[in-house]
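Student: turn this into a model:
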Amino acid sequence: MIHVIYGKDSYSMVRELLESMKPEKEWNKGSLIALKPNLVVSKPSDSGATTSPEVTRGVIEHFKDKGFSNLVIMESSWVGDSTEKAFKVCGYENLAREYNLDLFDLKKDKAVKKKGKSLTLSLCEKALEVDYLINLPVLKSHCQTRLTCALKNLKGLIPDREKRRFHDLGLHEPIAELNFLIKTSLIIVDAVIGDLTHEEGGNPVEMGRIIGGVDPVLIDSYAAELIGLDVEEIRYISMSKQLEIGNLFNKDTEVKEYRLDNYPEITLEPSPRVKRLARYIVEGGACSPCYGALIHALSRLEEKGNLGKIPDKIFIGRKFRDMKSTSPGIGLCTAKFSKNISGCPPKALDIVKYLEEHFVKNN
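Tutor: Numbering: from 1, shown residues only. Predicted coordinates for the structure are as follows:
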């Protein structure tokens, strides 16, 4: 099962989600629990690059309220950046001080070699000492692997030298092998604000949701569809499935949704790329998840060289609920349009497929 809660108040969303999921039911209260955010660079979360400290705060308070006291935060920023700086810039230094938690900069940790199915990897020793790992990724695109979410976020648990070797190995296979060796106990995805193109941020888009689950393959295959990617494009997902790490999202997967009427309005100052893509949109009171899905879809069409083949403006938002039109319309609010991509919100992948089928193939 996948849990999805909508809104923009990350802290309260996480608290509500975890109260429903109850992940701690069978956990030993004396166990060591590690929280692993995505602090790949020293940028605040509104850049679309890093996990909001409010997401992490919600997780910390949930487990403390349930009687768990042995919590730590661990991370290693990408090669060339400072984890200590990221802890400070991203708000985690203050968070750790407030809750009296240890911050582990894994760049300073010892390396331990472990044999996976087909690769031997160097892992940070402290990552192997925890009893439960809570994975707190950001939903983002990635210039090489296309997606970075739950599976790829574990790359912060390896030494810098191994991060370089992952690139030499093509990223996909070692990412799958890494998840075979290090098991995730809980995943809370910060998808309130993500990025369209790079894991380092700079093209932020409001997606207005937090996603919860325990299966990283399921989470990542679901996340891929949300931002308009075919799972087949992201080989580490299928490789992880083959290693029996988890199952792929499909039409029969149960998705439990919360706060369906609490979509945030579009309030984020758009980046230059989002502004450029927005020229193809007629927006009237659109919710952020729906608008974000459309932006992601237009980005995919642009990458494929097909964006210029869409002849009409695309309509989106509550303003058009009673309007009829032959132009393409996005979501439930444009249900009366003759060319409607259904869903509330529709997935970016569905938008891409519809526009390609109805416009691109005919040009």
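
Student: mean confidence score for stretch 127-136?
Tutor: For stretch 127-136, mean pLDDT is 98.

Student: quick one: end-to-end length of that stretch, please.
Tutor: 14 Å (CA to CA, to the nearest Å).

Student: residues near residue 33, how many?
Tutor: A count of nearby residues for residue 33, using other CB atoms under 10 Å, gives 23. (Each C-beta comes from the backbone N, C-alpha and C, glycine too.)

Student: who does it form a beta bridge with?
Tutor: With DSSP bridges as the criterion, residue 33 is bridged to residue 71, residue 132.

Student: ok, it touching residue 67?
Tutor: No - with contact defined as CB atoms under 8 Å, residue 33 does not count as touching residue 67 (11.7 Å).

Student: next structured bit after the top helix by length along the chain?
Tutor: Counting residues, the longest helix found in the chain (DSSP state H) is helix 288-303. As assigned by DSSP states H and E, the chain's next helix or strand after helix 288-303 is strand 314-316.

Student: separation between the nearest residue to residue 325 once chain neighbours are set aside and residue 58?
Tutor: Of all residues not flanking residue 325 in the chain, residue 337 sits nearest, at 4.9 Å (CB to CB, 6 or more residues apart in numbering). As defined by CB to CB, to the nearest Å, residue 337 lies at a distance of 38 Å from residue 58.

Student: repeat for residue 291
Tutor: The span separating residue 291 from residue 58 equals 25 Å under the rule CB to CB.

Student: so these two - more neighbours on which side?
Tutor: The neighbour count for residue 291 versus residue 58, taken as other CB under 10 Å, is higher for residue 291 (28 against 23).

Student: that one and residue 316 touch, don't they?
Tutor: Yes - counting by CB under 8 Å, residue 291 touches residue 316, with 6.3 Å between them.

Student: shared neighbours of those two, anything?
Tutor: When CB atoms under 8 Å, 6 or more residues apart in numbering defines a contact, the residues bordering residue 291 and residue 316 alike are 281, 283.

Student: helices of this structure, start to end?
Tutor: 10-21, 53-65, 83-89, 92-99, 125-129, 150-153, 160-168, 172-181, 216-226, 235-242, 272-278, 288-303, 348-355.

Student: deepest-packed of these, please.
Tutor: helix 150-153 (a mean of 29; mean count of other CB atoms under 10 Å).

Student: which helices and strands sit right next to that one?
Tutor: strand 132-136, helix 172-181, helix 216-226, helix 235-242 (3 or more CB pairs under 8 Å, 6 or more residues apart in numbering; DSSP states H and E).

Student: who does residue 146 form a beta bridge with?
Tutor: Beta-bridge partners, per DSSP bridges, of residue 146: residue 142.

Student: can you tell me the centre-most residue of this structure?
Tutor: residue 139 (1.7 Å; CA atoms, centre = their mean).

Student: would you turn the helices and strands packed on helix 150-153 into TSV with distance to residue 99?
Tutor: What follows is those, written out as TSV (distance: least, CB to CB, whole Å):
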stretch	distance to residue 99
strand 132-136	14
helix 172-181	28
helix 216-226	26
helix 235-242	32
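
Student: could you report the pLDDT at the residue nearest to residue 221 when sequence neighbours are not counted?
Tutor: The shortest distance from residue 221 to any non-neighbouring residue, by CB to CB, 6+ apart, is to residue 249 (4.1 Å). In this model, residue 249 is scored at 96, pLDDT.

Student: all good on my end, thank you.
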